[in-house]
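> with the input below, show me the fold.
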Amino acid sequence: MSLLSDMALSLRIKTTTYNTEIQDLIDACIADLTISGILQSKIDTLNTDSPDILLKRCVILYCKSGFGLDNKDDTKYKLMYDSLKIHLMLSSEYTVEVADV
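As a prediction, the model looks like this:
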């Protein structure tokens, strides 16, 4: 299943009507993770069959916080996203490239 399909499913969307908005949220989240110092090699897993589960959770939370105009839970999901992103930023596994020896 594609990242877009996974996000639509997590948002409980069964139509493709909102695909552009969802893809914009995915792209914005990836940009935010990138400028926050998360390794590109980790981010690249999002477009594979076995994405990094914590980064996928970040994208889900980001999408849930930003989707829809009458989203009463937006603040809750934004705080959850920010908290997880901070943990990833503090983890050398997500921010330090390991050199091949």
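> got the CA positions of stretch 80-96 in CSV?
The C-alpha coordinates for stretch 80-96 follow below in CSV (Å, rounded to 0.1, in the frame of the first residue of the first chain):
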residue,chain,number,x,y,z
MET,A,80,1.8,14.4,19.6
TYR,A,81,3.6,15.0,16.3
ASP,A,82,5.9,17.6,17.9
SER,A,83,6.7,15.3,20.8
LEU,A,84,7.6,12.4,18.6
LYS,A,85,9.7,14.6,16.2
ILE,A,86,11.7,15.9,19.2
HIS,A,87,12.4,12.4,20.3
LEU,A,88,13.6,11.5,16.8
MET,A,89,15.7,14.7,16.6
LEU,A,90,17.4,13.7,19.9
SER,A,91,18.2,10.2,18.7
SER,A,92,21.5,9.6,17.0
GLU,A,93,19.8,6.7,15.1
TYR,A,94,17.7,9.3,13.2
THR,A,95,20.3,12.1,12.9
VAL,A,96,23.8,10.7,12.6
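> contact partners of it?
With contacts defined as C-beta atoms under 8 Å, 6 or more residues apart in numbering, stretch 80-96 is touched by 29, 32-33, 36-39, 42, 54-55, 57-58, 61-62, 65. (Each C-beta comes from the backbone N, C-alpha and C, glycine too.)
> in helices, which of the residues you listed fall?
29, 32-33, 42, 54-55, 57-58, 61-62, 65 (DSSP state H).
> show the pLDDT at Ala99.
We have a pLDDT of 67 for Ala99.
> again with Ile30
Among the per-residue scores, Ile30 holds a pLDDT of 98.
> out of everything not next to it in sequence, what's closest to it?
Distance criterion C-beta to C-beta, 6 or more residues apart in numbering; nearest residue to Ile30, sequence neighbours excluded, is Ile43 at 6.0 Å.
> measure that neighbour to Gly68 for me?
Ile43 sits 25 Å away from Gly68, going by C-beta to C-beta, to the nearest Å.
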